[in-house]
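Enquirer: structure, please.
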Amino acid sequence: MANFIAKPMSTEDIRQLVKIIRKRCGLIECTNVPVCHLFEWILEKLVQEFDWEIVSDDEMSEEGKTFTGANKIEIRESVYIAANNGDGRARFTIMHEIGHFFLHGPNRVALCRLAPGEKLRPFEDPEWQADTFAAEFLMDFNLIQGMNYKQISDECGVTYGAAKTRIGKIQGRWIV
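Expert: Take a look at the predicted model:
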């Protein structure tokens, strides 16, 4: 079975990158990140030749795809519409794809073949890294201190599940 392996990155490494991007976008104190605005306008200002496309559900089965070598992200139309309507899962999906874009350039991810029963370590897994990027961006570590999962969900526009997972990571229940 083939998998992709990414250059190792810790949660702290990803958090620092997110802080830089949030600062460049003027989002340091923003609890409810304008995901679609970020996707449509800000990335074009940060990245030369950035391209994005909303693809009809008939043409795309995945929720999103990132083509780092081509500086392009595609989002399925229903996901994009849901994100524009404030759906937490859709907003997370778009930030996940933006995470792939920033974290997994052409020289940062490789195809690998794992031995039977072998698993990637989380900090080398591109999907874990992109999820961590999305969580860090949407639920800024400094801005959610002292909040419970309901407050995080309401303030940051994410699902209860994402907020609960985020609290678990902050409280150290998961070691990654």
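Enquirer: in this protein, which spans are helices?
Expert: 11-24, 35-37, 43-46, 77-84, 88-103, 126-138, 149-156, 160-170 (DSSP state H).
Enquirer: buried set for the first one?
Expert: Okay, so that is helix 11-24. T11, I14, R15, L17, V18, K19, I21, R22 (16 or more other Cβ atoms under 10 Å). (C-beta placed from N, C-alpha, C; glycine too.)
Enquirer: for those residues, which one is nearest F39?
Expert: Distance ranking of the buried residues of helix 11-24 against F39, using Cβ to Cβ, places I21 first at 12.6 Å.
Enquirer: the nearest residue to that closest one once chain neighbours are set aside and L143, how far apart?
Expert: Leaving aside its chain neighbours, I21 sits nearest to F102 (6.8 Å; criterion: Cβ to Cβ, 6 or more residues apart in numbering). F102 sits 20 Å away from L143, going by Cβ to Cβ, to the nearest Å.
Enquirer: quick check: phi and psi at the residue lying farthest from the centre of the chain.
Expert: For the chain, the largest distance from the centre (Cα atoms, centre = their mean) belongs to P116, which lies 28.9 Å off. Backbone torsions for P116, taken as degrees, to the nearest 10, come to phi -50, psi 130.
Enquirer: related to what we said a few turns ago, which of F102 and L143 has more neighbours?
Expert: Neighbours around F102 and L143, counted as other Cβ atoms under 10 Å, are more numerous at F102. The numbers are 22 against 15.
Enquirer: check contacts around that one.
Expert: L17, I21, F133 (Cβ atoms under 8 Å, 6 or more residues apart in numbering).
Enquirer: show me what contacts L120?
Expert: L120 neighbours (Cβ under 8 Å, 6+ apart): N3, I5, L114, W128.
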